[in-house]
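Asker: return atomic coordinates for the entry below.
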Amino acid sequence: MVGRLDPTVSTFAVKLCEDVYIYIYIYNCVNCGGNHMASSKECPVWVHEKKVQQIKAEQGCSFPEARRLATAATQPVRSTAAVVKSSATNANARKMVNRADQTDLTWPLAASNPVAIT
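Answerer: Numbering: from 1, shown residues only. Model prediction:
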């Protein structure tokens, strides 16, 4: 077996007979971790970046605006009910406070025991 020649490509040599080897290349995309080269047109990251550049060229907008538009186009559409449900769940989670650890006592620096707050 031959060691790694490139961090994005694993290269292995399989010996068939005395002087005959078959080299096997296993690609690992640095952008998405898929089994293809980083320059592959099948890479989802490459496809997204191409879409960003296309929007930027067609609409004449800035790069951050084009990225926002391209990302918004690929986000799943959520129903109003799903948004309200998640908002209500998050609001309830924020309102829950554990009051078991709270006391009506304070411990002044000069005192040897805690003093009730009045």
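Asker: could you list the low-pLDDT ranges of this protein?
Answerer: 1-12, 77, 87-105, 118 (pLDDT under 70).
Asker: tell me the centre residue of it?
Answerer: With distances taken as C-alpha atoms, centre = their mean, the residue of the chain nearest its centroid is Cys32 (10.5 Å).
Asker: please, which helix or strand holds the nearest residue to that residue once chain neighbours are set aside?
Answerer: Nearest residue to Cys32, sequence neighbours excluded (C-beta to C-beta, 6 or more residues apart in numbering): Val45, at 5.0 Å. Bear in mind the C-beta positions are built from the backbone N, C-alpha and C, glycine included. Using DSSP states H and E, Val45 sits within helix 44-59.
Asker: then Ile26?
Answerer: Per DSSP H and E: strand 20-27 holds Ile26.
Asker: mind exporting that strand as CSV, just the C-alpha atoms?
Answerer: The C-alpha trace of strand 20-27 is given here as CSV (Å, rounded to 0.1, in the frame of the first residue of the first chain):
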residue,chain,number,x,y,z
VAL,A,20,2.2,-5.1,-12.0
TYR,A,21,0.3,-2.8,-9.7
ILE,A,22,-3.2,-1.2,-9.9
TYR,A,23,-3.5,2.2,-8.3
ILE,A,24,-6.7,3.1,-6.6
TYR,A,25,-7.6,6.8,-5.9
ILE,A,26,-10.1,7.6,-3.3
TYR,A,27,-11.0,11.3,-3.3
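Asker: which strands or helices does that strand pack on?
Answerer: Counting contacts by 3 or more C-beta pairs under 8 Å, 6 or more residues apart in numbering; DSSP states H and E, strand 20-27 is packed against strand 9-17.
Asker: can you spell out the domain ranges of this structure, please?
Answerer: 1-38, 43-75 (automatic domain parsing).
Asker: now these as CSV including distance to Ala116?
Answerer: Below are the domains of the chain laid out as CSV (distance: least, C-beta to C-beta, whole Å):
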stretch, distance to Ala116
domain 1-38, 60
domain 43-75, 54
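Asker: tell me the most buried of those?
Answerer: For the domains of the chain, the largest average neighbour count (mean count of other C-beta atoms under 10 Å) is found in domain 43-75, namely a mean of 14.
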